[in-house]
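*Asks:* Here is my input; please provide its structure:
(4 chains)
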There are 2 protein chains.
Amino acid sequence: MTQSTGGGRPRTRRVTLADVARRAGVDKAVVSRVVNDDPLLNIRPETRARVTAALKELDYRPNVAARSLRTARAGTIGLFIPDFANPVYAEIITGAETAAAERGCALMVGSSTAGGGGAQSYLDLLGQGRVDGLLLAGGTIADEEQATLADRGLPWLFVNRRGPEAGRHVILDDVLGARMAVDHLLDLGHRRIAHVGGPAGADTAHRRRDGYATALRRVGVEEDPRLVVQGSYGPEGGAQAARRLLDDPEPPTALFVANVTSAIGVLSALRARGITVPGEMSVIAVHDLPLAEHLIPPLTTVRMPLRALGARATRLLLSVPADHPVEEIVREPIELVVRQSTARPG
Amino acid sequence: MTQSTGGGRPRTRRVTLADVARRAGVDKAVVSRVVNDDPLLNIRPETRARVTAALKELDYRPNVAARSLRTARAGTIGLFIPDFANPVYAEIITGAETAAAERGCALMVGSSTAGGGGAQSYLDLLGQGRVDGLLLAGGTIADEEQATLADRGLPWLFVNRRGPEAGRHVILDDVLGARMAVDHLLDLGHRRIAHVGGPAGADTAHRRRDGYATALRRVGVEEDPRLVVQGSYGPEGGAQAARRLLDDPEPPTALFVANVTSAIGVLSALRARGITVPGEMSVIAVHDLPLAEHLIPPLTTVRMPLRALGARATRLLLSVPADHPVEEIVREPIELVVRQSTARPG
DNA sequence: CTGAAAGCGCTTACAG
DNA sequence: CTGAAAGCGCTTACAG
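*Replies:* You can find the predicted model right below:
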């Protein structure tokens, strides 16, 4: 039907199973089984050789639409992230891409904000059979949407956040990561340690704040509510939070920042106020990115296993039935990366 | 066939056109035409109402696999970027997502590096009919691969880079952007201006270097080859390049950096050497990101219309036949964003 | 104004 | 050991 493009140049017609079968002198069912490595196929070596040769000569590639229609599987999973500009998600994507490729699956990455569709768009993907499962990283999702997801009977998983209720998520040990950061400050001798937290709705922000509180409690330091300021996961929120903390009559000597992106703003705000780091203020943040080493001063961070998170989530999505609960904390090591933004209190 | 998931919970069977047709008491051909807004369809209002109602009641969603198989169109375009961690691409993605959604198209974003597949993976996408067209942003592609792309007769486009030969690309006016940056430094009175360039293979790096040379030539400043250093599009490459320039017996008074990410490293290297910005050295970079404002000092940049680039590329991909040449420079305004990293020479 | 039918390219039980 | 056939869910000329 479509022998040529609109532009006129003849398009090489798609090679189908039937073409290969004709060339190899077998039925297309045989070719299909060869292509899919059917273990039940008992084929004479010379026949297989003919098929393999024809496959190669014609450069056959299965039509995914036909295959999906027949098998009711798309061979694709979707990953939705709130923002492509946040490099933290880049690591998760990389992990997911690798794991999906291992399983012969394509990964479709989308952002929940852009594209106009918003929250509805990924539900559509599932409904249309475009993907076999959905990974939802960050962002927010209404209870109603979650119910719809469950109804469809297709697998989906929250990544790096817990859902409003049901247990289908895989997360990192943010409590531990936060504790490691605060412990580092405590070990250096700091006692008046403030927390530049994440945004109100974020599940990770909540858990990191928990870790902060736990670490202080363990050494008998009483938490001062004035020292906990809600920020955002961006530079601007970090800068605002830092300015607020500096206005305190009894300012802290160290800051535990919930996110490295936020720390960029924290450092710039401190600098604007003429406060030296780490001389007058120590700063540590969650997540290690390549740029952390090039901030001024080079930033001490806690490196979280983001890539492992993406990979693990993908594997669970592809292996655990849609109606089974999944509540996993990725246990890959969390690492303290000491650079030059932390020191003993002046 | 698949009435229940592996886990046992009954899955609500997919609603098909036949289901809707039965409920509305019409043929499925009619439903199909209603769903697709067939302008040739002449239908009695009450019939249409029945169909519309059935559609809604059953929450019908067309199966994309069946539709693709029938129409030989995937309704999806692919966008390949070299690295998800580079926020510059985030802007391009956002533009592409929006434009694709406008056309009722899904966007499949992938990275050419990860996933193991490498350069071959997007060729597979085309071959399998998974996408109707391909946007290739950055990265490198062999001549042979380009030939394969052309053979397939499917549309593809280089984004933000030109191909090895044939004219199928949409790019920004990097020459102008670079000239604007260097002109700003010249206007401030600088004459010994160095260039921290991009990586050797990058087409954008080449064009920005051209703009640098042109700007100098225009005011009669002779270019000193020692002041042009090849970097990378990352902090580390920027830091190395900056150190090299500082070792020059006759160091520059200003740096034009090919990329904002690279500039992060430049600023950190200058600081490590105790050189003040902008007091002893002015710094300006291409691309404006939110973090530019929070660098130390806040970085003067040239903002390029990256989002418009993504959108324009998507629209061209979907409208220009595969065998027509496309060579477009996006003409949206380029903007100089003056912050605190540039000043008159000390 | 609406319906019947063919067919897109696969996979998979089943027959021989 | 290999082939014939049915059918996944759509769309689209065509018939009436």
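*Asks:* and residue A:336, that's in a helix?
*Replies:* No. Residue A:336: not assigned to a helix; according to DSSP: H, G, I helix; E, B strand; the rest coil it is strand.
*Asks:* who's in contact with it?
*Replies:* Taking C-beta atoms under 8 Å, 6 or more residues apart in numbering or on different chains, we find residue A:336 in contact with A:180-181, A:184, A:300, A:302-303. In short, each C-beta sits where N, CA and C put it, glycine included.
*Asks:* Next: residue A:231.
*Replies:* So residue A:231 contacts A:196-199, A:237-238, A:240-241, A:257-259, A:262 (C-beta under 8 Å, 6+ apart).
*Asks:* What ranges does the stretch 1-150 of chain A have for its strands?
*Replies:* Using DSSP state E, counting those that start in this stretch, the strands assigned to the stretch 1-150 of chain A run over residues A:76-81, A:106-111, A:133-137.
*Asks:* ok, residue A:294 - contacts?
*Replies:* Residue A:294 makes contacts with B:235-236, B:238-239, B:264-265, B:267-268, as judged by C-beta under 8 Å, 6+ apart.
*Asks:* separation between it and DNA strand C?
*Replies:* Taking C-beta to the nearest atom of the strand, to the nearest Å as the measure, residue A:294 falls 49 Å from DNA strand C.
*Asks:* Spell out which residues of the stretch 1-150 of chain A are next to DNA strand D.
*Replies:* Contact residues, the stretch 1-150 of chain A versus DNA strand D (C-beta under 7 Å from any atom of the strand): A:25-30, A:41-44, A:47, A:66, A:69-70, A:72.
*Asks:* Counting only helices, which of the contacts of residue A:294 make the cut?
*Replies:* Members of the contacts of residue A:294 lying in helices (criterion: DSSP state H): B:235-236, B:238-239, B:264-265, B:267-268.
*Asks:* And the buried ones among the residues you listed, selectable in ChimeraX?
*Replies:* Per 16 or more other C-beta atoms under 10 Å in any protein chain shown, the buried members of these correspond to this ChimeraX selection:
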select /B:235,236,238,239,264,265,267,268
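*Asks:* that older thread, between the residues of the stretch 1-150 of chain A next to DNA strand D, identify the one with the most neighbours.
*Replies:* residue A:30 (21 neighbours; other C-beta atoms under 10 Å in any protein chain shown).
*Asks:* which residues touch stretch A:265-272?
*Replies:* By C-beta under 8 Å, 6+ apart, the list of residues contacting stretch A:265-272 from outside reads A:196, A:234-243, A:246, A:255, A:257, A:276-277, A:281, A:283, A:285, A:295-296, A:299, A:341, B:293-296, B:298.
*Asks:* which intervals of the stretch 51-200 of chain A have sub-threshold pLDDT?
*Replies:* A:112-127, A:139-147, A:149-152, A:165-166 (pLDDT under 70).
*Asks:* One more pass at 80, please.
*Replies:* A:112-128, A:138-154, A:163-166 (pLDDT under 80).
*Asks:* Output the set of residues of it in proximity to DNA strand C.
*Replies:* Counting by C-beta under 7 Å from any atom of the strand, the stretch 51-200 of chain A sits next to DNA strand C at A:60, A:62-63, A:66-67, A:69-71.
*Asks:* Can you add distance to residue B:37 and give those back as TSV?
*Replies:* Listed next are those as TSV, based on distance: C-beta to C-beta, whole Å:
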residue	distance to residue B:37
A:60	36
A:62	32
A:63	27
A:66	26
A:67	29
A:69	23
A:70	28
A:71	30
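*Asks:* Where do the helices of chain A begin and end?
*Replies:* A:17-24, A:28-35, A:45-58, A:64-71, A:87-102, A:119-127, A:143-152, A:174-187, A:203-218, A:235-246, A:260-272, A:306-319.
*Asks:* And the first one, how far out from the chain middle?
*Replies:* Counting by C-alpha atoms, centre = their mean, to the nearest Å, helix A:17-24 is centred 42 Å from the centre of its parent chain.
*Asks:* Rounded mean pLDDT for it, please.
*Replies:* Helix A:17-24 shows an average pLDDT of 91 in the prediction.
*Asks:* Find the residue at the geometric middle of chain A.
*Replies:* residue A:92 (3.2 Å; C-alpha atoms, centre = their mean).
*Asks:* how about the closest residue in space to it that isn't next to it in sequence, what does it touch?
*Replies:* Nearest residue to residue A:92, sequence neighbours excluded (C-beta to C-beta, 6 or more residues apart in numbering or on different chains): residue A:310, at 3.9 Å. Contacts for residue A:310 (C-beta under 8 Å, 6+ apart) come out as A:79, A:91-99, A:159.
*Asks:* And the furthest pair within these?
*Replies:* A:98 and A:159 (14.7 Å; C-beta to C-beta).
*Asks:* Please name the nearest non-neighbouring residue to residue A:318.
*Replies:* Excluding its sequence neighbours, the residue lying closest to residue A:318 (C-beta to C-beta, 6+ apart) is residue A:103, at 5.5 Å.
*Asks:* The residue nearest to residue A:35 when sequence neighbours are not counted - how many residues pack around it?
*Replies:* Distance criterion C-beta to C-beta, 6+ apart; nearest residue to residue A:35, sequence neighbours excluded, is residue A:62 at 6.3 Å. By the criterion of other C-beta under 10 Å, residue A:62 has 17 neighbours.
*Asks:* roughly how far apart are residue A:62 and residue A:36?
*Replies:* Distance of residue A:62 to residue A:36, computed by C-beta to C-beta, to the nearest Å: 9 Å.
*Asks:* residues touching residue A:235, list them.
*Replies:* Per C-beta under 8 Å, 6+ apart, neighbours of residue A:235: A:261-262, A:264-265, A:268, B:290-291, B:293-294.
*Asks:* cool, residue A:186 as well?
*Replies:* By C-beta under 8 Å, 6+ apart, the residues touching residue A:186 are A:193, A:215-216, A:219, A:221.
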